[in-house]
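**Q** Predicted coordinates and the sequence they were generated for:
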Amino acid sequence: MSTPAALTSVFVRLKLSLLRNGLRQSGGRKAAYIASAVVVLLFAALQLLGLIALRGFGHVESLVVLLVAVLGLGWAVMPLFFPGGDETLDPTRLVMLPLRPRPLVRALLVSSLVGIGPLFTLCLLAGSVIAVAHGGAAFAVGVLAVPLALLVCVALARAVATANVRLLTSRRGRDLAVLSGLVIAVGAQVVNFGAQRLGSSGLEQLDPAADVLRWFPPASAVAAVHTAGEGAYGVALAQLALSAAALAGLLALWSRSLTRLMTSPDGSTLQAAGDTAVRDRSSTGLSRLLPPGRTGTAMERSLRYVWRDPKTKAAWVTSLAIGLIVPVFNAWQGTGSVYFACFAAGMLGIQMYNQFGQDTSAFWMVAMTISSTRDAYVELRARALALLLVTLPYAALVTVLTTAMLGDWARLPEALGLSFALLGAMLSTGAWTSARFPYSIPQEGHKNVAPGQVGLAWISIFGGMVAAAVLCVPVIALTVWLNVAEGGDDRLWLLLPVGTAYGAALTFLGLRLAAPQTARRLPEILTAVSKG
């Protein structure tokens, strides 16, 4: 290991050994890896063929530049949301070895090219170059652009991971990883709406964004291929130089972060500052705003779960984001309806399901305080009230915003009435299914259901959603009748008070029916939520 080449060879073999040994841990992990590899490689092949098929189409260079820019962004954020996906992303494992930063950077960079991710990136970059290259000069630039862009992506991921390794290995890092579901969900919606607009308007609308991004690495390397094909060799050289400079800068930043990481003490070797200070345990501002007694205490506990528990926080943020994106984006495209605003109430109402699952094994402390049906009712009511503090104004805000974007103010009362009725129905069914079909939520990893309880989760969530939809049939029928009846338009405003009262009645009835179940099934609930 005395020469840089030998060190690089050792790290490549180490990467292959880590991959091979990881697959030997269990048959399930091997099957999952093989299945994911097949899917990724198939998608990469189809993507490569698709880009080649776009060769010669107008404005394809704008699409390619945008794709490569998004690819670079994905490489930058991937270590933040999936820190455990590659054991070699944590250089603190190498602290005790006598390694210098520069050879270590070179070895880690080469070993990072081993894997499905780099192969997928290579296919996309190769297809992008083929799609925009015209002429011998363009293909010659493409031979340089593909490896240069690939190295920029890998170096960017490594630099970000090394600079944030303390965060990624801490509890905050695990919290951040849990939020990857939000990124995927929101990203899927953005891609969906973007694809719809491209299908209706064409690729030319990408030109303004591409004109800017073609000067940002790694997209600038691929843009240089198209620029060389047009004969602007000086501009192409400048774009290649930008990517090369970015690679050099990322390697320097990576090397500096490695040096600081491997020579400076961490929190485990230093005494925490202020560890002898006495914390103020007086009432917080939140508790002073809530009702006294058990109701206020349970509400505060539920709200603190939303803020502090990673899984609960991820579920809430995802629901808030998707509940806003779907109606607003559809209204922005001109294809929406005020009734789409009910999507926000539906997404937020899901948070009432499996209320005790978020407590995990700590539910025993709640169970010890429930000695009667009245105690169970107050507990469930407090959790519903905590949820309403956020969901009620948020559902109203999304409805008003959607109505404003559509300019259909006459339908605002009925949209609000339907939203409130749906929210009440979901609170009602959520309280009942929480008592009847509880399941555990694992605190580690990305799974939201403990093994063996997937069926319970499906029954709880989807069964409850179907039941909530059925409970809303009277309000839906009244809405339809008022819209088709002669003179019904003048009475549509009645749907707001009717929907609100109906939702409140459903919530009260659901809590009353769920309370006896909760009080009677405390041991079964504790057993179910403690499996994760």
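**A** The structure has been received and is ready for your questions.

**Q** who's in contact with stretch 218-234?
**A** Contacts with stretch 218-234, where a contact means CB atoms under 8 Å, 6 or more residues apart in numbering, come from 61, 64-66, 68-69, 71-72, 125, 128-129, 132-135, 137-142, 144-146, 148-150, 152-153, 213-215, 235-237, 239-240, 242-243, 246. C-betas here are computed from N, CA, C, even on glycine.

**Q** likewise stretch 143-156?
**A** Stretch 143-156 is contacted by residues 68, 71-72, 75-76, 109, 112-113, 118, 121-122, 125-126, 129, 217-219, 221-222, 224-225, 240, 243-244, 246-247, 250-251, 254 when judged by CB under 8 Å, 6+ apart.

**Q** Just the buried residues of it, please?
**A** Within stretch 143-156, the residues that qualify as buried are 145-146, 148-156, counting by 16 or more other CB atoms under 10 Å.

**Q** Reformat the residues you listed as CSV; add distance to Gly499.
**A** Output for the buried residues of stretch 143-156, formatted as CSV (distance: CB to CB, whole Å):
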residue, distance to Gly499
Ala145, 58
Val146, 58
Leu148, 59
Ala149, 54
Leu150, 56
Leu151, 58
Val152, 54
Cys153, 51
Val154, 54
Ala155, 56
Leu156, 50
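
**Q** if we can go back for a sec, which of the contacts of stretch 218-234 fall within helices?
**A** Per DSSP state H, helices hold the following members of those: 61, 64-66, 68-69, 71-72, 125, 128-129, 132, 137-142, 144-146, 148-150, 152-153, 213, 235-237, 239-240, 242-243, 246.

**Q** Buried ones among those?
**A** Among the ones in helices among the contacts of stretch 218-234, those classed as buried by 16+ other CB under 10 Å are 61, 64-66, 68-69, 71-72, 125, 128-129, 132, 137-139, 141-142, 145-146, 148-150, 152-153, 213, 235-236, 239-240, 242-243, 246.

**Q** can you list the domains in this structure?
**A** Domain assignment for the chain by automatic domain parsing gives 27-264, 292-529.

**Q** can you give me the end-to-end distance of the last one?
**A** Taking CA to CA, to the nearest Å, domain 292-529 runs 28 Å from one end to the other.

**Q** What of stretch 98-118?
**A** Using CA to CA, one end of stretch 98-118 lies 29 Å from the other.

**Q** distance of Leu509 from Tyr502?
**A** 11 Å (CB to CB, to the nearest Å).

**Q** Return the helix or strand in the protein with minimum mean pLDDT.
**A** Among the helices and strands of the chain, helix 171-178 carries the lowest confidence by mean pLDDT, DSSP states H and E, at a mean of 55.

**Q** re the thing from before, neighbour count for Leu509 and Tyr502, which is higher?
**A** A count of neighbours by other CB atoms under 10 Å puts Tyr502 above the other of Leu509 and Tyr502, at 22 against 15.

**Q** Settle this for me: the more buried one is touching Ala421, isn't it.
**A** Yes. With contacts counted by CB atoms under 8 Å, Tyr502 reaches Ala421, the gap being 5.0 Å.

**Q** shaky segments in the stretch 301-450 of the chain?
**A** Counting by pLDDT under 70, the stretch 301-450 of the chain contains low-confidence ranges at 444-447.

**Q** Recalculate using a threshold of 90.
**A** Scanning the stretch 301-450 of the chain for pLDDT under 90 picks out the ranges 301-351, 354-367, 369-371, 402-414, 435-450.

**Q** Can you identify each of the helices in it by residue range?
**A** Taking DSSP state H, counting those that start in this stretch to define them, one finds helices in the stretch 301-450 of the chain at 310-333, 342-349, 363-367, 373-406, 412-436.

**Q** Take these and write them to a markdown table, including distance to Ala469.
**A** A markdown table is the format used below for those (distance: least, CB to CB, whole Å):
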| stretch | distance to Ala469 |
| --- | --- |
| helix 310-333 | 17 |
| helix 342-349 | 9 |
| helix 363-367 | 29 |
| helix 373-406 | 16 |
| helix 412-436 | 8 |
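
**Q** now those helices as CSV including mean neighbour count?
**A** Shown next, in CSV, are the helices of the stretch 301-450 of the chain (neighbours: other CB atoms under 10 Å):
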stretch, mean neighbour count
helix 310-333, 20
helix 342-349, 26
helix 363-367, 17
helix 373-406, 20
helix 412-436, 27
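
**Q** Between those, which one is closest to Leu48.
**A** Leu48 lies closest, by CB to CB, to one member of the helices of the stretch 301-450 of the chain: helix 310-333, at 30.0 Å.

**Q** angle of that closest one against helix 373-406?
**A** Helix 310-333 and helix 373-406 meet at an angle of 30 degrees, taking axes from the mean of the first three to the mean of the last three CA atoms, to 10 degrees as the criterion.

**Q** helices or strands up against helix 310-333?
**A** helix 171-178, helix 180-201, helix 293-308, helix 342-349, helix 373-406 (3 or more CB pairs under 8 Å, 6 or more residues apart in numbering; DSSP states H and E).

**Q** buried residues in stretch 209-228?
**A** Neighbour-count burial for stretch 209-228, with 16+ other CB under 10 Å as criterion, is recorded at 210, 213-214, 216-228.

**Q** out of these, who's nearest Gly430?
**A** The nearest member of the buried residues of stretch 209-228 to Gly430, counting by CB to CB, is Leu213 at 44.2 Å.
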